[in-house]
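In: Predicted structure and sequence below. I'll ask about it afterward.
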Amino acid sequence: MADVALAREIDANIAQGARPHVRLRRRRMMSMTAAVLLAPALVLMALLLIGPVLAVLLMSFTDYQLGAPTWSLVGLENYIELYGDRVFWTSLTNTLLYVAIVVPSSIALGLGLALLIESGSTLRAFYRSIFFIPVMATLIAMAISWEYMLHPQFGLINLMLKEIGLPAQAWLSDPVLALPTIAAIGIWQLFGFNMVLFLAGIVSIPSHLYEAAVMDGARSAWSRFWLVTWPMLGPVTVFVAVISAIRSFQVFDTVHVLTKGGPSKATEVLLYSMYSEGFEFFRSGLAAAIAVVFLCFVLLLTIIKARLIEKKVHYS
(Lines give C-alpha, C1' and ligand atoms only; values in the text may rest on other atoms or scores of the structure.)
Protein backbone atom coordinates (compact mmCIF):
# COMPACT_ATOMS: atom_id res chain seq x y z
CA MET A 1 0.00 0.00 0.00
CA ALA A 2 2.84 2.38 0.81
CA ASP A 3 4.47 1.66 -2.58
CA VAL A 4 1.22 2.35 -4.38
CA ALA A 5 0.79 5.65 -2.53
CA LEU A 6 4.37 6.63 -3.31
CA ALA A 7 3.89 5.78 -6.99
CA ARG A 8 0.74 7.88 -7.11
CA GLU A 9 2.59 10.79 -5.52
CA ILE A 10 5.41 10.48 -8.07
CA ASP A 11 2.89 10.44 -10.92
CA ALA A 12 1.21 13.52 -9.51
CA ASN A 13 4.53 15.30 -9.18
CA ILE A 14 5.46 14.45 -12.77
CA ALA A 15 2.09 15.70 -13.95
CA GLN A 16 2.72 18.97 -12.13
CA GLY A 17 6.18 19.34 -13.58
CA ALA A 18 8.06 18.57 -10.33
CA ARG A 19 11.09 16.32 -10.08
CA PRO A 20 10.36 12.95 -8.41
CA HIS A 21 13.81 12.57 -6.91
CA VAL A 22 13.49 15.93 -5.15
CA ARG A 23 10.25 14.83 -3.52
CA LEU A 24 11.78 11.51 -2.48
CA ARG A 25 14.80 13.26 -1.00
CA ARG A 26 12.54 15.53 1.04
CA ARG A 27 10.58 12.59 2.36
CA ARG A 28 13.78 10.81 3.36
CA MET A 29 15.04 13.94 5.10
CA MET A 30 11.77 14.23 7.02
CA SER A 31 11.99 10.57 8.05
CA MET A 32 15.58 11.01 9.23
CA THR A 33 14.66 14.15 11.15
CA ALA A 34 11.79 12.36 12.86
CA ALA A 35 14.08 9.46 13.80
CA VAL A 36 16.68 11.83 15.25
CA LEU A 37 14.05 13.67 17.29
CA LEU A 38 12.56 10.43 18.58
CA ALA A 39 15.89 8.82 19.44
CA PRO A 40 16.40 10.49 22.89
CA ALA A 41 12.90 9.51 24.03
CA LEU A 42 13.34 5.95 22.77
CA VAL A 43 16.72 5.62 24.51
CA LEU A 44 15.29 6.91 27.80
CA MET A 45 12.31 4.57 27.49
CA ALA A 46 14.64 1.63 26.91
CA LEU A 47 16.90 2.54 29.84
CA LEU A 48 14.26 3.59 32.39
CA LEU A 49 11.21 1.48 31.50
CA ILE A 50 11.81 -1.47 29.21
CA GLY A 51 15.29 -2.27 30.53
CA PRO A 52 14.35 -2.56 34.24
CA VAL A 53 11.23 -4.60 33.41
CA LEU A 54 13.28 -7.06 31.37
CA ALA A 55 15.92 -7.21 34.12
CA VAL A 56 13.27 -8.03 36.74
CA LEU A 57 11.72 -10.64 34.45
CA LEU A 58 15.07 -12.34 33.89
CA MET A 59 15.97 -12.16 37.59
CA SER A 60 12.72 -13.95 38.47
CA PHE A 61 14.13 -17.07 36.76
CA THR A 62 17.30 -17.08 38.89
CA ASP A 63 18.24 -17.84 42.49
CA TYR A 64 20.07 -14.52 42.83
CA GLN A 65 20.46 -13.21 46.37
CA LEU A 66 21.33 -9.61 47.11
CA GLY A 67 25.10 -9.34 47.51
CA ALA A 68 25.82 -12.92 46.42
CA PRO A 69 28.85 -13.29 44.10
CA THR A 70 27.24 -16.01 41.98
CA TRP A 71 23.80 -17.02 40.77
CA SER A 72 22.24 -19.63 38.52
CA LEU A 73 19.12 -20.13 36.45
CA VAL A 74 16.36 -22.02 38.23
CA GLY A 75 13.58 -21.78 35.66
CA LEU A 76 10.10 -21.59 37.19
CA GLU A 77 11.16 -22.58 40.72
CA ASN A 78 10.46 -19.13 42.15
CA TYR A 79 6.94 -19.11 40.72
CA ILE A 80 6.33 -22.66 41.96
CA GLU A 81 7.49 -21.59 45.41
CA LEU A 82 5.11 -18.62 45.30
CA TYR A 83 2.26 -20.92 44.31
CA GLY A 84 2.79 -22.99 47.44
CA ASP A 85 3.60 -20.07 49.74
CA ARG A 86 0.81 -19.23 52.21
CA VAL A 87 2.24 -15.75 52.85
CA PHE A 88 2.13 -14.90 49.14
CA TRP A 89 -1.53 -15.89 48.86
CA THR A 90 -2.29 -13.94 52.03
CA SER A 91 -0.59 -10.86 50.61
CA LEU A 92 -2.43 -11.22 47.30
CA THR A 93 -5.77 -11.64 49.09
CA ASN A 94 -5.09 -8.62 51.29
CA THR A 95 -4.15 -6.55 48.25
CA LEU A 96 -7.33 -7.50 46.43
CA LEU A 97 -9.42 -6.74 49.54
CA TYR A 98 -7.68 -3.39 49.90
CA VAL A 99 -8.43 -2.56 46.26
CA ALA A 100 -12.05 -3.71 46.66
CA ILE A 101 -12.51 -1.34 49.62
CA VAL A 102 -10.54 1.67 48.40
CA VAL A 103 -11.57 1.91 44.74
CA PRO A 104 -15.39 2.07 45.00
CA SER A 105 -15.25 4.13 48.20
CA SER A 106 -12.83 6.72 46.81
CA ILE A 107 -14.84 6.94 43.56
CA ALA A 108 -18.14 7.43 45.37
CA LEU A 109 -16.68 9.98 47.80
CA GLY A 110 -14.83 11.85 45.04
CA LEU A 111 -17.94 12.01 42.84
CA GLY A 112 -20.15 13.10 45.73
CA LEU A 113 -17.80 15.90 46.74
CA ALA A 114 -17.41 17.01 43.12
CA LEU A 115 -21.19 17.28 42.76
CA LEU A 116 -21.52 19.18 46.04
CA ILE A 117 -18.72 21.62 45.21
CA GLU A 118 -19.96 22.23 41.67
CA SER A 119 -23.53 22.81 42.88
CA GLY A 120 -22.39 25.44 45.38
CA SER A 121 -22.04 29.09 44.53
CA THR A 122 -19.27 30.23 46.91
CA LEU A 123 -15.88 29.03 48.19
CA ARG A 124 -15.41 26.50 45.39
CA ALA A 125 -11.68 27.11 45.14
CA PHE A 126 -11.32 26.83 48.92
CA TYR A 127 -13.05 23.44 49.08
CA ARG A 128 -11.08 22.13 46.11
CA SER A 129 -7.83 23.07 47.82
CA ILE A 130 -8.83 21.61 51.19
CA PHE A 131 -9.87 18.24 49.79
CA PHE A 132 -6.85 18.07 47.47
CA ILE A 133 -4.34 18.49 50.33
CA PRO A 134 -4.07 14.71 51.04
CA VAL A 135 -3.00 14.16 47.43
CA MET A 136 -0.18 16.72 47.68
CA ALA A 137 0.98 15.67 51.15
CA THR A 138 3.86 13.22 51.62
CA LEU A 139 2.18 9.95 52.46
CA ILE A 140 4.90 8.74 54.83
CA ALA A 141 4.67 11.94 56.88
CA MET A 142 0.88 11.72 56.92
CA ALA A 143 1.11 8.03 57.91
CA ILE A 144 3.09 9.04 60.98
CA SER A 145 0.36 11.54 61.83
CA TRP A 146 -2.24 8.82 61.41
CA GLU A 147 -0.19 6.58 63.71
CA TYR A 148 -0.57 9.11 66.52
CA MET A 149 -4.25 9.67 65.75
CA LEU A 150 -4.91 5.92 65.88
CA HIS A 151 -2.95 5.25 69.06
CA PRO A 152 -5.03 2.95 71.31
CA GLN A 153 -4.49 5.07 74.48
CA PHE A 154 -4.02 8.75 73.63
CA GLY A 155 -4.98 8.83 69.94
CA LEU A 156 -7.43 11.51 68.85
CA ILE A 157 -9.89 9.05 67.31
CA ASN A 158 -10.16 6.92 70.46
CA LEU A 159 -10.49 10.03 72.61
CA MET A 160 -13.42 11.12 70.44
CA LEU A 161 -14.98 7.66 70.77
CA LYS A 162 -14.69 7.85 74.55
CA GLU A 163 -16.37 11.24 74.54
CA ILE A 164 -19.49 9.78 72.94
CA GLY A 165 -19.47 6.69 75.13
CA LEU A 166 -17.96 4.17 72.72
CA PRO A 167 -15.04 1.87 73.60
CA ALA A 168 -11.54 2.55 72.29
CA GLN A 169 -10.26 0.31 69.53
CA ALA A 170 -6.84 -1.14 68.73
CA TRP A 171 -7.02 0.08 65.15
CA LEU A 172 -3.60 -1.12 63.99
CA SER A 173 -3.01 -4.13 66.26
CA ASP A 174 -6.38 -5.86 65.83
CA PRO A 175 -6.23 -8.39 62.92
CA VAL A 176 -9.85 -7.63 62.07
CA LEU A 177 -9.52 -3.83 62.05
CA ALA A 178 -5.98 -3.38 60.73
CA LEU A 179 -6.65 -3.81 57.00
CA PRO A 180 -9.88 -1.72 56.96
CA THR A 181 -7.98 0.99 58.84
CA ILE A 182 -5.20 0.99 56.27
CA ALA A 183 -7.86 1.08 53.55
CA ALA A 184 -9.55 4.07 55.20
CA ILE A 185 -6.25 5.95 55.05
CA GLY A 186 -5.97 4.99 51.39
CA ILE A 187 -9.45 6.37 50.71
CA TRP A 188 -8.54 9.59 52.50
CA GLN A 189 -5.41 9.92 50.39
CA LEU A 190 -7.10 9.12 47.06
CA PHE A 191 -10.55 10.70 47.05
CA GLY A 192 -9.24 14.25 46.50
CA PHE A 193 -7.53 13.20 43.28
CA ASN A 194 -10.74 11.54 42.06
CA MET A 195 -12.72 14.63 43.04
CA VAL A 196 -10.58 16.86 40.79
CA LEU A 197 -11.03 14.48 37.84
CA PHE A 198 -14.78 14.34 38.33
CA LEU A 199 -14.92 18.14 38.62
CA ALA A 200 -13.20 18.41 35.24
CA GLY A 201 -15.71 15.97 33.76
CA ILE A 202 -18.73 17.77 35.22
CA VAL A 203 -17.56 21.16 33.97
CA SER A 204 -17.19 19.78 30.43
CA ILE A 205 -20.84 18.59 30.23
CA PRO A 206 -22.80 20.93 27.90
CA SER A 207 -25.42 22.96 29.74
CA HIS A 208 -28.01 22.50 26.96
CA LEU A 209 -28.29 18.81 27.91
CA TYR A 210 -29.58 19.80 31.35
CA GLU A 211 -31.98 22.27 29.76
CA ALA A 212 -33.31 19.56 27.46
CA ALA A 213 -33.68 17.18 30.42
CA VAL A 214 -35.73 19.79 32.31
CA MET A 215 -37.97 20.28 29.27
CA ASP A 216 -38.47 16.51 29.13
CA GLY A 217 -39.69 16.46 32.73
CA ALA A 218 -36.52 15.86 34.75
CA ARG A 219 -37.26 18.48 37.39
CA SER A 220 -35.27 17.08 40.31
CA ALA A 221 -31.50 17.15 40.63
CA TRP A 222 -31.52 13.38 41.13
CA SER A 223 -33.31 12.83 37.80
CA ARG A 224 -30.90 15.13 35.97
CA PHE A 225 -27.99 13.27 37.52
CA TRP A 226 -29.14 9.86 36.25
CA LEU A 227 -30.25 11.14 32.84
CA VAL A 228 -27.35 13.48 32.02
CA THR A 229 -24.49 13.68 34.52
CA TRP A 230 -23.81 10.02 35.18
CA PRO A 231 -23.94 8.86 31.52
CA MET A 232 -21.76 11.78 30.38
CA LEU A 233 -19.20 10.97 33.08
CA GLY A 234 -18.65 7.50 31.59
CA PRO A 235 -15.13 8.08 30.20
CA VAL A 236 -14.03 9.92 33.34
CA THR A 237 -15.46 7.20 35.59
CA VAL A 238 -13.62 4.42 33.73
CA PHE A 239 -10.36 6.38 33.85
CA VAL A 240 -10.79 7.15 37.56
CA ALA A 241 -11.65 3.53 38.38
CA VAL A 242 -8.62 2.07 36.62
CA ILE A 243 -6.18 4.70 37.88
CA SER A 244 -7.53 4.24 41.42
CA ALA A 245 -7.12 0.47 41.13
CA ILE A 246 -3.53 0.81 39.90
CA ARG A 247 -2.64 3.23 42.70
CA SER A 248 -4.33 0.94 45.23
CA PHE A 249 -2.27 -2.03 44.05
CA GLN A 250 0.80 0.11 44.76
CA VAL A 251 0.03 0.43 48.48
CA PHE A 252 3.24 0.15 50.47
CA ASP A 253 4.07 3.31 52.43
CA THR A 254 1.28 3.12 54.99
CA VAL A 255 1.82 -0.60 55.56
CA HIS A 256 5.56 -0.14 55.99
CA VAL A 257 5.19 2.77 58.44
CA LEU A 258 2.18 1.66 60.45
CA THR A 259 1.99 -2.15 60.63
CA LYS A 260 5.00 -3.81 58.95
CA GLY A 261 2.54 -6.27 57.45
CA GLY A 262 1.10 -7.25 60.83
CA PRO A 263 -0.57 -8.17 63.00
CA SER A 264 -0.20 -11.82 62.00
CA LYS A 265 0.14 -10.87 58.30
CA ALA A 266 -3.27 -9.16 58.39
CA THR A 267 -1.94 -6.21 56.36
CA GLU A 268 0.69 -8.01 54.29
CA VAL A 269 0.34 -6.76 50.71
CA LEU A 270 2.15 -7.63 47.48
CA LEU A 271 4.63 -4.77 47.45
CA TYR A 272 5.48 -5.25 51.11
CA SER A 273 6.08 -8.97 50.49
CA MET A 274 8.36 -8.03 47.61
CA TYR A 275 10.23 -5.58 49.86
CA SER A 276 10.57 -8.17 52.63
CA GLU A 277 11.85 -10.90 50.33
CA GLY A 278 14.27 -8.59 48.53
CA PHE A 279 15.66 -6.37 51.31
CA GLU A 280 15.07 -8.28 54.54
CA PHE A 281 15.61 -11.90 53.46
CA PHE A 282 17.82 -10.94 50.45
CA ARG A 283 16.05 -13.38 48.12
CA SER A 284 16.06 -11.11 45.09
CA GLY A 285 14.96 -13.81 42.66
CA LEU A 286 11.78 -14.51 44.61
CA ALA A 287 11.17 -10.78 45.08
CA ALA A 288 11.47 -10.34 41.31
CA ALA A 289 8.85 -13.07 40.79
CA ILE A 290 6.46 -11.16 43.08
CA ALA A 291 7.21 -7.99 41.11
CA VAL A 292 6.31 -9.79 37.87
CA VAL A 293 2.97 -10.87 39.36
CA PHE A 294 2.34 -7.27 40.42
CA LEU A 295 3.21 -5.97 36.93
CA CYS A 296 0.83 -8.49 35.37
CA PHE A 297 -2.04 -7.11 37.44
CA VAL A 298 -1.14 -3.53 36.51
CA LEU A 299 -0.84 -4.47 32.83
CA LEU A 300 -4.23 -6.19 32.94
CA LEU A 301 -5.85 -3.09 34.43
CA THR A 302 -4.20 -0.89 31.82
CA ILE A 303 -5.49 -3.07 28.98
CA ILE A 304 -9.00 -3.02 30.47
CA LYS A 305 -8.90 0.77 30.68
CA ALA A 306 -7.76 1.11 27.08
CA ARG A 307 -10.41 -1.29 25.78
CA LEU A 308 -13.29 0.26 27.74
CA ILE A 309 -12.41 3.84 26.89
CA GLU A 310 -11.88 2.99 23.22
CA LYS A 311 -15.04 0.95 22.66
CA LYS A 312 -17.74 1.70 25.17
CA VAL A 313 -17.64 5.14 26.71
CA HIS A 314 -17.37 7.74 23.94
CA TYR A 315 -20.14 10.24 23.39
CA SER A 316 -20.72 12.69 20.58
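Out: Happy to help now that I have it. Numbers count the residues shown, from 1 in each chain.
In: Relative to residue 77, how far out is residue 84?
Out: 11 Å (CB to CB, to the nearest Å). Glycine gets a C-beta too; all of them are placed from N, C-alpha and C.
In: any idea what sits nearest residue 78, other than its immediate chain neighbours?
Out: On the basis of CB to CB, 6 or more residues apart in numbering, the spatially nearest residue to residue 78 that is not a chain neighbour turns out to be residue 289, at 4.0 Å.
In: Which residues are in contact with the one you found?
Out: 60, 78-79, 81-82 (CB atoms under 8 Å, 6 or more residues apart in numbering).
In: Just the buried ones out of those residues, please.
Out: Neighbour-count burial (16 or more other CB atoms under 10 Å) applied to the contacts of residue 289 gives 60, 78-79, 82.
In: And those residues, which is closest to residue 40?
Out: Nearest to residue 40 out of the buried ones among the contacts of residue 289 is residue 60 (CB to CB; 30.0 Å).
In: thinking again about what came up before, the more surrounded of residue 84 and residue 77?
Out: Neighbour totals were compared for residue 84 and residue 77, and residue 77 leads with 16 against 8 (other CB atoms under 10 Å).
In: Next, the more buried one: phi, psi?
Out: phi -60, psi -40 (degrees, to the nearest 10).
In: I figured it was touching residue 63, is that so?
Out: Yes. Judged on CB atoms under 8 Å, residue 77 makes contact with residue 63 at a distance of 7.5 Å.
In: Okay, domains of the chain per the record?
Out: 2-59, 77-311 (automatic domain parsing).
In: now, of the ones you listed, which is deepest in the fold?
Out: Each of those was scored by mean neighbour count; the highest is domain 77-311, a mean of 17, by mean count of other CB atoms under 10 Å.
In: what mean pLDDT does that one have?
Out: Here domain 77-311 scores 89 as its mean pLDDT.
In: chain center to it, what's the gap?
Out: 9 Å (CA atoms, centre = their mean, to the nearest Å).
In: which SS class is the nearest residue to residue 223 once chain neighbours are set aside?
Out: Spatial nearest neighbour of residue 223, excluding adjacent residues (CB to CB, 6+ apart): residue 213 at 7.3 Å. Under DSSP: H, G, I helix; E, B strand; the rest coil, residue 213 falls in the helix class.
In: cool, and residue 70?
Out: Quick answer, by three-state DSSP: residue 70 is coil.
In: repeat for residue 165
Out: With three-state DSSP as the criterion, residue 165 reads coil.
In: Residue 209 contacts residue 228, doesn't it?
Out: Yes. Distance between residue 209 and residue 228: 4.9 Å, which falls inside the contact criterion (CB under 8 Å).
In: distance of the closest residue to residue 253 other than its chain neighbours from residue 189?
Out: By the measure of CB to CB, 6+ apart, the closest residue to residue 253 outside its immediate chain neighbours is residue 139, 4.6 Å from it. Using CB to CB, we find residue 139 at a distance of 6 Å from residue 189.
In: same thing with residue 42?
Out: Counting by CB to CB - residue 42 and residue 189 are separated by 34 Å.
In: picking up where we left off before, select from the buried ones among the contacts of residue 289 every entry located in helices.
Out: Of the buried ones among the contacts of residue 289, the ones assigned to helices by DSSP state H are 78-79, 82.
In: now the residues you listed in JSON lines, with distance to residue 184?
Out: Converted to JSON lines, those look like this (distance: CB to CB, whole Å):
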{"residue": "78", "distance to residue 184": "34"}
{"residue": "79", "distance to residue 184": "33"}
{"residue": "82", "distance to residue 184": "29"}
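In: Quick check: phi and psi on residue 150?
Out: Dihedral angles for residue 150 - degrees, to the nearest 10 - are phi -100, psi 10.
In: in this protein, which spans are strands?
Out: Here the chain has no strands by DSSP state E.
In: From the contact counts, what lies against the longest helix along it?
Out: Secondary structure of the chain read by DSSP H shows that its longest helix is helix 86-119. Secondary-structure packing of helix 86-119 (3 or more CB pairs under 8 Å, 6 or more residues apart in numbering; DSSP states H and E): helix 124-136, helix 178-203, helix 234-249, helix 270-275.
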